[in-house]
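J.: Here is a sequence with its predicted model. Questions after.
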Amino acid sequence: MGNDWDEIKRLAADFQKAQLTSTLQKLSERNCVEIVTLLLDKQMLEVVFTNDGKEYITPDHLEREIQDELYVNGGRVNLVEVSKTLNVDLSRIIGLAERIAAENPSVHLVLGQLIDEEYIAHIAQEINEKLALRGEISISELASQFDLPSDFLQQDVVEKHLGRIIKGRQDATNPRVFFTQAYIQRCKAKIRGALAAITRPTNVAVILQQIGVQEKIFHSLLDEISPAGQVTSKLANAQYVPQIYAKTQADWVNSFYKQNSFLEYEAIHKLGISDAKSYIRKQFPNEEFLFLKRVALGARLVELTVVTALNECSATKQYLDLSTILPSNLSEEDIEEVFGAIMAQKHSNPSNFVYLDSIVFSQTYLTQLVQPCQALAESQAKTAIDSGVYQQHIVEKTLAQKGNASAQDLEDDGKIDKRDERRKKAASGKAGGGAQGRETKTKSTKKHQRGRAAAAAQNDSDDEDDAAFSGAGGGTGNKKIVKPLALVKTADIVKLITASLEEEGLEHLAKRVAELYTNQFNQAALARAQELFEATPQTNRRQTHAAIQDRINTLLIDIRLYEKGLKLFPQETQSQLVKYLLKSLGNEISNELSLYVASECNLTVKNSNLNVDQRNKLAQECDAQYRTALLEQNKALNRTIDDFELATEAVLKTCSMIIKKVDKKKDRLLIADHKKKLQEQLLQCQEPALMLHLAALILFTTISGCILHASGKFVSAILQHIRGSLSESQNALLIRYHDLVLQVLQSSPDSSESKIAHEQLQIIQKEVIDLAQNFTRASVSKAD
């Protein structure tokens with residue numbers, strides 16, 4: 001220990017001696033520079049040169065210099081100013097500033113400035129003073145005042161010192177706004193006072209303008225204040241409705257409804273309520289109303305007065321004046337609307353009443369009123385027959401129909417002639433004239449047009465030809481239209497019912513009542529006149545002849561359409577379908593003609609459903625002019641469809657009946673009508689086998705565009721034919737349904753297999769119906 005101390009003393013003496021010793025040799029500035037350069041090259045020394053290069057300083061010392069500048073400037077200094085003051089490059093200053101901020105949590109580097117906690121506490125104190133003075137402050141205002149980023153001010157200044165240095169609270173709806181509790185209390189007091197003073201609806205913007213409170217603060221404090229009134233919304237045009245005003249409105253509405261059982265929309269609008277219907281529903285949540293165009297009627301008024309009176313009117317078979325039981329200030333339009341609404345709600349049967357000018361007539365009352373008109377229709381029908389007016393009308397109608405039909409045929413022939421004429425004109429250009437007879441081509445001088453212009457030119461030429469043809473008397477504009485025959489007129493009914501209505505003071509409605517029944521009694525008179533006209537033997541015979549002629553022509557058209565459909569099947573199936581078609585429809589035609597011929601020959605036939613043998617026997621008993629034709633027709637039932645049609649034409653010719661020309665234009669309509677009838681039968685069908693049969697026929701018609709006459713045994717062949725046009729799932733559905741139908745038919749009705757099959761059929765029945773009803777040509781193309 002003593003030796004160590006002696007050593008220390010010796011070193012101190014040597015150090016003192018060295019200090020007292022005078023310098024024997026001085027280094028020049030150049031030598032110093034070289035020494036420093038050598039140390040820098042060997043990385044034994046680190047220095048920072050000034051901007052002019054004459055001075056240098058170590059990084060640690062430069063860091064202390066920067067911290068000194070920060071302290072001298074009050075805790076906030078700009079790095080650019082530090083660079084100028086210390087005469088050091090800005091990049092070096094920034095690097096050291098970043099290291100200072102990273103090593104010292106109390107120092108922040110913000111936008112090229114160093115800021116310490118003392119400065120932050122200082123500006124927090126300033127913010128607190130400003131907040132106490134104004135009551136509210138926003139981060140945006142502070143950012144512009146202190147020239148600092150808003151995020152830094154909010155997170156590191158205000159929120160950090162909120163509740164300690166800064167005495168205030170943060171807005172929950174807007175975090176960038178801060179205010180004091182005293183400011184909130186002042187705003188509450190202003191809002192409470194303003195709302196308490198208002199006695200009528202006032203715009204919120206006007207209230208805020210008067211009290212100087214922001215809109216967002218108003219809406220946020222409104223729930224805390226719980227005012228007596230209410231604000232309509234939080235939008236710009238919102239209004240404050242005070243409780244006293246709403247109470248006055250509600251009291252008036254309640255009082256008026258209690259006294260009158262109805263409310264007028266216009267009166268409610270005058271109270272300042274824009275949506276009257278919504279207000280009524282809100283004001284009377286437990287009441288039911290009948291909302292009309294102008295008024296809202298209470299359900300009790302409707303039930304206790306109108307509905308009861310209508311039921312009584314129907315029971316007593318009288319009439320009812322609705323204006324006497326409804327409020328007097330309701331117009332006729334309102335009364336009619338009330339009646340229509342009651343009928344729509346099915347409080348009473350609409351068919352039992354007729355409404356005319358606020359008067360509701362029971363149907364029984366009107367029936368009794370116009371009862372004398374039955375005799376009028378009868379007498380008018382007899383008069384028309386006796387005077388020949390009805391017969392003349394029938395003749396004119398028949399002539400008009402024949403004339404229109406011939407005009408149509410002439411028009412069609414005219415069109416064909418025009419086409420032939422155009423072809424001849426086109427061909428004439430090729431035949432050259434002259435002695436050589438050489439074929440030449442003539443160049444057209446007419447400009448060729450394309451698109452719409454060509455179409456317009458073609459239409460113009462067609463119109464010219466049509467006009468020329470119409471001028472000759474063949475146009476459709478010359479069709480004869482026979483005016484309907486009016487045997488019973490409105491004036492006749494008015495004369496009969498006016499006396500009865502005058503007793504009730506309702507004579508002003510006589511014409512309107514008569515108009516309701518004019519068509520009915522006129523049709524009754526025409527029907528009676530038809531009966532009287534047909535009662536004569538000559539007429540009856542002529543009607544039977546025409547009816548059978550139409551019936552046979554209809555059946556022949558059906559056979560022709562069915563033949564198109566069956567030709568789509570293989571030869572073997574086709575022959576079976578032909579046999580079935582002749583056996584059904586052909587047999588019906590033969591029966592109709594055989595029975596007609598029997599009646600012409602005055603033969604008595606007990607059974608109208610004849611077989612082949614009975615028809616042959618009947619033909620042998622008929623006159624010679626009918627016998628051969630009828631026997632040939634019976635034989636043709638076992639041949640082809642063409643043979644049967646030729647034999648039928650021969651029978652019709654002997655019976656002086658006309659075969660209508662084939663009009664292929666109507667084929668599509670007939671097919672569509674046939675398909676519609678099948679669909680209606682399918683909807684009403686309950687038997688699974690028949691349902692599958694109808695569905696197969698409908699799908700065949702939709703896919704092929706042809707109709708088919710086939711029995712149930714051909715269902716498998718039909719499903720096989722349409723299989724290629726259906727999807728896999730659709731085919732699977734039909735095959736599954738077909739198999740289940742076979743299973744039901746083959747098993748006993750009481751067996752468990754039959755019951756299970758019935759249940760499965762019920763499950764997929766709706767899918768089969770939907771497929772048949774909704775399958776379209778579009779789905780056919782998709783499947784292809």
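T.: Received it, and whenever you're ready, just let me know what you need.

J.: Could you report the separation of Leu301 from Ala400?
T.: Distance, Leu301 to Ala400, by CB to CB, to the nearest Å: 57 Å. Any C-beta I mention is one placed from the backbone N, CA and C, and that applies to glycine too.

J.: more crowded one of these two?
T.: Between Leu301 and Ala400, counting by other CB atoms under 10 Å, Leu301 is the more crowded of the two (19 against 14).

J.: Let me know how buried Asp14 is, in neighbour terms.
T.: Asp14: 10 surrounding residues under other CB under 10 Å.

J.: Is it within a helix or a strand, and which one?
T.: helix 2-20 (DSSP states H and E).

J.: chain center to that helix, what's the gap?
T.: 111 Å (CA atoms, centre = their mean, to the nearest Å).

J.: And the contacts of that helix?
T.: Outside helix 2-20, not one residue touches it by CB atoms under 8 Å, 6 or more residues apart in numbering.

J.: what number of residues lie near Lys606?
T.: Neighbours of Lys606 using other CB under 10 Å come to 4.

J.: Backbone dihedrals for it, please?
T.: Here the main-chain torsion angles of Lys606 (degrees, to the nearest 10) amount to phi -80, psi -40.

J.: any idea how far Ala97 is from it?
T.: For Lys606 relative to Ala97 (CB to CB), the value is 129 Å.

J.: Please apply the same query to Ala344.
T.: Separation of Ala344 from Ala97 (CB to CB): 85 Å.

J.: higher neighbour count, these two?
T.: Between Ala344 and Ala97, counting by other CB under 10 Å, Ala97 is the more crowded of the two (23 against 9).

J.: Quick check: the more buried one touching Leu111?
T.: No: counting by CB atoms under 8 Å, Ala97 sits too far from Leu111 to count as a contact (11.8 Å).

J.: For Tyr562, identify the helix or strand it belongs to.
T.: helix 537-566.

J.: Quick check: buried residues in that helix?
T.: Across helix 537-566, burial judged by 16 or more other CB atoms under 10 Å covers 548-549, 552, 555-559, 561-563, 565-566.

J.: same for it, what does it pack against?
T.: Applying 3 or more CB pairs under 8 Å, 6 or more residues apart in numbering; DSSP states H and E, one finds that helix 537-566 contacts helix 510-534, helix 571-581, helix 587-600, helix 641-654, helix 667-684, helix 688-704.

J.: Phe700 contacts His721, correct?
T.: Yes: in this structure, Phe700 is within contact of His721 by CB under 8 Å, at 6.9 Å.

J.: Looking at these two, which one has more neighbours?
T.: Phe700 (24 against 20).

J.: any idea how far Lys564 is from that one?
T.: Distance of Phe700 to Lys564, given as CB to CB: 12 Å.

J.: shared neighbours, these two?
T.: Joint contacts of Phe700 and Lys564 (CB under 8 Å, 6+ apart) are Cys706.

J.: Report the contact partners of the closest residue to Ile57 other than its chain neighbours.
T.: Leaving out its chain neighbours, the residue that sits closest to Ile57 by CB to CB, 6 or more residues apart in numbering is Val48, at 5.3 Å. Neighbouring residues of Val48 by CB under 8 Å, 6+ apart: 56-59, 62, 88, 92.

J.: ditto for Phe152
T.: Residues in contact with Phe152 (CB under 8 Å, 6+ apart) are 108, 110.

J.: Need the pLDDT of it.
T.: On the pLDDT scale, Phe152 is placed at 84.

J.: Could you look up the SS state of it?
T.: Recorded secondary structure, Phe152: helix (DSSP: H, G, I helix; E, B strand; the rest coil).

J.: And stretch 282-297, end to end?
T.: Using CA to CA, to the nearest Å, the end-to-end distance of stretch 282-297 comes out at 15 Å.

J.: Stretch 608-616 too?
T.: End-to-end distance of stretch 608-616: 14 Å, with CA to CA as the criterion.

J.: contacts for that stretch?
T.: 590-591, 594-595, 607, 618, 630-631, 634, 637.

J.: In that stretch, which residues are buried?
T.: Using 16+ other CB under 10 Å as the burial criterion, the residues of stretch 608-616 that qualify are 610, 615-616.

J.: Then stretch 295-312?
T.: The neighbour-count check on stretch 295-312 (16+ other CB under 10 Å) flags 295-298, 301-302, 306-307, 309-310 as buried.

J.: now swap in stretch 684-700 and tell me
T.: Neighbour-count burial for stretch 684-700 [16+ other CB under 10 Å]: 685, 688-689, 691-700.

J.: show me where the stretch 301-450 of the chain has strands.
T.: For the stretch 301-450 of the chain, the strands defined by DSSP state E, counting those that start in this stretch cover 319-321, 353-356, 359-362.

J.: got these as a markdown table, with distance to Tyr71 columns?
T.: Converted to a markdown table, the strands of the stretch 301-450 of the chain look like this (distance: least, CB to CB, whole Å):
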| stretch | distance to Tyr71 |
| --- | --- |
| strand 319-321 | 104 |
| strand 353-356 | 100 |
| strand 359-362 | 103 |
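
J.: Quick one, which of the ones you listed gets closest to Ala182.
T.: Among the strands of the stretch 301-450 of the chain, the nearest to Ala182 by CB to CB is strand 353-356 (72.0 Å).

J.: In this structure Leu532 contacts Ile385, no?
T.: Yes: with contacts counted by CB under 8 Å, Leu532 reaches Ile385, the gap being 4.7 Å.

J.: For Ala527, give its distance to Lys397.
T.: 15 Å.

J.: Likewise for Gly272?
T.: Distance from Gly272 to Lys397, by CB to CB: 68 Å.

J.: With Tyr56 instead?
T.: According to CB to CB, Tyr56 stands 130 Å off from Lys397.

J.: Could you do Gln720 as well?
T.: For Gln720, the distance to Lys397 equals 51 Å [CB to CB].

J.: Check His161 too.
T.: According to CB to CB, His161 and Lys397 sit 107 Å apart.

J.: Same check on Gln549?
T.: Separation of Gln549 from Lys397 (CB to CB) stands at 18 Å.
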